[in-house]
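Colleague: here is the input, now give the coordinates:
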Amino acid sequence: ITLMSINPTTGLPVVDVLGNPVLTPYVTGITGAEGLAFDPLTNDFFISTFGSGDQLVQITGFPTGGPILGPCARGNVGLSVGPPIDVLTVNGSTGGIGRRVDVPIGGAISVQVSPSSLSTVPSLFAIYGYIGQPGSAELTPVGSLGDFCFPPNDFIPEYPGTFVLTSSYFPGHPSALVPSTAAPWSTTDADGLPHRYLVTFQGVIDDPSASTGYAVTNAIIVAIL
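Modeller: Have a look, this model is predicted:
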């Protein structure tokens, strides 16, 4: 296994006099057929060999980071009068620029919904989930509401991997995982999850500044590591 050298100033590969990339041995002594896997949650690489020298090598230390949700993650709450307003948090965080909140295995997960700062009364809302990280194929425009990062289950219930976390629009919602009242609202799973997992949340909420009276919330991807 070799690494390509990168010029820290230009960000381009370092090449020799013949224009070939300069490669540095990184993992040596591997024999037999090789397999390679990548863990997108931790940025670890796994190299396995088969045959007389069976072994599994884990390469760690590659930083995680960079935005992992696109512009759809901003939502459009309050957009008619200014920048989008964040109303959805997980463990008190919107996930920063990457819209990602990391939670350890077994760690508590708390989902909070706050009314828009433009609202003077409690706000009804619904929060939807998507198992995994939504990509461009999941981007879903919903009429005058705007763009969701993934198909919201109440609108497109047959889309694989989607679910309803909660909805105060429909008390007793048959598909909701937990009940809710109007925002401000929160729910906590104190035991968390016993294994690694990736889930994305986004919803819809009352917005008095929107022409429809509703808006798409910000999105957050939760990584159980």
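
Colleague: output the longest strand belonging to the protein.
Modeller: strand 197-206 (DSSP state E).

Colleague: roughly how far does residue 136 sit from residue 69?
Modeller: Residue 136 sits 11 Å away from residue 69, going by Cβ to Cβ, to the nearest Å. Heads up, the C-betas are built off the backbone N, CA and C, glycines and all.

Colleague: between the two, which is the more surrounded one?
Modeller: Using other Cβ atoms under 10 Å, the more surrounded residue of residue 136 and residue 69 is residue 69, with 23 against 8.

Colleague: how about that one, nearest residue that isn't a chain neighbour?
Modeller: residue 99 (4.3 Å; Cβ to Cβ, 6 or more residues apart in numbering).

Colleague: surely that neighbour touches residue 222?
Modeller: No - counting by Cβ atoms under 8 Å, residue 99 stays clear of residue 222, with 10.1 Å between them.

Colleague: out of the two, which sits in the more crowded spot?
Modeller: residue 99 (24 against 20).

Colleague: pLDDT below threshold where in the chain?
Modeller: Scanning the chain with the threshold set as pLDDT under 70 gives 1-4, 8-12, 19, 26-34, 38, 40-43, 50-55, 60-68.

Colleague: per-domain residue ranges of the chain.
Modeller: 2-59, 71-224 (automatic domain parsing).

Colleague: ok, and which of the ones you listed has the densest surroundings?
Modeller: domain 71-224 (a mean of 18; mean count of other Cβ atoms under 10 Å).

Colleague: which SS state does residue 118 fall under?
Modeller: The three-state label given to residue 118 by DSSP: H, G, I helix; E, B strand; the rest coil is coil.

Colleague: meant to ask about residue 102
Modeller: Relying on three-state DSSP, one would call residue 102 strand.

Colleague: show me what it is bridged to.
Modeller: Counting by DSSP bridges, residue 102 forms beta bridges with residue 223.

Colleague: ok, now how distant is the residue nearest to residue 109 when sequence neighbours are not counted from residue 222?
Modeller: Once flanking residues are discounted, residue 109 sits nearest to residue 189: 4.8 Å by Cβ to Cβ, 6+ apart. Counting by Cβ to Cβ, the separation of residue 189 from residue 222 is 11 Å.

Colleague: cheers, nothing more for now.
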